[in-house]
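Novice: Could you look at this predicted model? Sequence included:
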Amino acid sequence: MKTVLMTAFEPFGGETINPSWEAVSALEGKQIGDATIVIRRLPVVFSEVLTVLNQALEEVKPDAILSVGQAGGRSDITVERIGINVDDARIPDNAGQQPIDEPIVAGGPAAYFSRLPIKAIVAAVRAAGIPASVSQTAGTFTCNRVMYGLLHWLEQQGSAARGGFIHIPYLPQQAAQHPGAPSMSVAQIIQALEIAVRVTLETGDDVKQVGGATH
């Protein structure tokens, strides 16, 4: 039996909920294919988030990792292509920290490409009638820090595990407080994440590093 680690975040930026946690928490213990889902909640704190993530990676020893985060203002499920080695916070995190133009890993590579089959995930989510696209930027807040940190950890460990990041829109109750902002129901987000896990597990080992395309 395989294990898939899914991570999500606590609320931040004045929100009372985080759609990533609302969706991912519903998948705890769920079996998808020959894998069981294990979940972890991450703090929106620059100085703590990778410590919590790395502890989860060491404890769970997953075969695949899908990290999920909120991207308020985006209208679809966006599968990230790349994580970059920089923290540049537009707003303070939940501990009041606001790093500007700081490396995530001093001397580390400029970027890592997702290990997920990103285009296959997007195609499958769209086929289910849920809007989805490839995103070229995970931003420079804690979501990008998690994506870069995850891929750096896998590289340093010599792990062959799949890993990457998916951004999701606001939930409708959040968008109601941001007039004009798009949203997506938690049921659709959960369905999309289940599809992403299934595609990640079923896609062969011919995932290209540049872009996660499949042949």
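Specialist: Here it is on my side, so go on.

Novice: could you pull out the strands for the chain?
Specialist: Secondary structure of the chain, counting by DSSP state E: strands at 2-9, 31-32, 35-42, 64-70, 77-80, 82-84, 111-113, 132-135, 162-168.

Novice: Could you point out which of those sits nearest residue 198?
Specialist: Residue 198 lies closest, by C-beta to C-beta, to one member of the strands of the chain: strand 31-32, at 5.6 Å. Yep, even glycine has a C-beta here, placed from its N, CA and C like the rest.

Novice: Residues touching the closest one, excluding its own?
Specialist: The contact list for strand 31-32 (C-beta atoms under 8 Å, 6 or more residues apart in numbering) reads 4, 37, 194, 197, 198, 201.

Novice: What is the neighbour count of residue 129?
Specialist: Neighbourhood size, residue 129 [other C-beta atoms under 10 Å]: 8.

Novice: Could you list the buried residues of stretch 106-123?
Specialist: Of the residues in stretch 106-123, those buried under the neighbour-count criterion (16 or more other C-beta atoms under 10 Å) are 112, 113, 114, 115, 116, 117, 118, 119, 120, 121, 122.

Novice: Report the beta-bridge partner residues of the second one.
Specialist: When assigned by DSSP bridges, residue 113 has beta-bridge partners residue 82.

Novice: how far away is it from residue 21?
Specialist: Distance check for residue 113 against residue 21: by C-beta to C-beta, to the nearest Å, it reads 26 Å.

Novice: and the gap between the residue in the chain sticking out farthest from the centre and residue 170?
Specialist: Checked against the mean C-alpha position of the chain, the extreme residue using C-alpha atoms, centre = their mean is residue 179, at a distance of 25.6 Å. Residue 179 sits 12 Å away from residue 170 when distances are taken as C-beta to C-beta.

Novice: For stretch 98-114, measure first residue to last.
Specialist: Start and end residues of stretch 98-114 are separated by 26 Å (C-alpha to C-alpha, to the nearest Å).

Novice: how far out from the middle of the chain is it?
Specialist: The chain centroid and the centroid of stretch 98-114 are separated by 17 Å under C-alpha atoms, centre = their mean, to the nearest Å.

Novice: cool, stretch 7-23 as well?
Specialist: Centre-to-centre, stretch 7-23 and its host chain are 12 Å apart (C-alpha atoms, centre = their mean).

Novice: ok, and what's touching that stretch?
Specialist: 24-25, 39-44, 53, 56, 65-70, 72, 91, 93-94, 142-143, 146, 168-171, 173-174, 184, 186, 189-190, 193.

Novice: Any buried residues in it, and which?
Specialist: Going by neighbour count (16+ other C-beta under 10 Å), the buried part of stretch 7-23 is 7-12, 15, 18-23.

Novice: Max pairwise distance over those: which two?
Specialist: Within these, two members stand farthest from each other by C-beta to C-beta: 7 and 15, at 17.7 Å.

Novice: just to revisit the earlier point, of the contacts of stretch 7-23, keep whichever come out buried.
Specialist: Applying a neighbour-count criterion of 16+ other C-beta under 10 Å, the buried members of those are 24, 39-40, 42-44, 53, 56, 65-70, 72, 93-94, 142-143, 146, 168-171, 174, 184, 186, 189-190, 193.

Novice: List the residues that contact residue 121.
Specialist: With contacts defined as C-beta under 8 Å, 6+ apart, residue 121 is in contact with 79, 132, 166, 195, 196, 199, 200.
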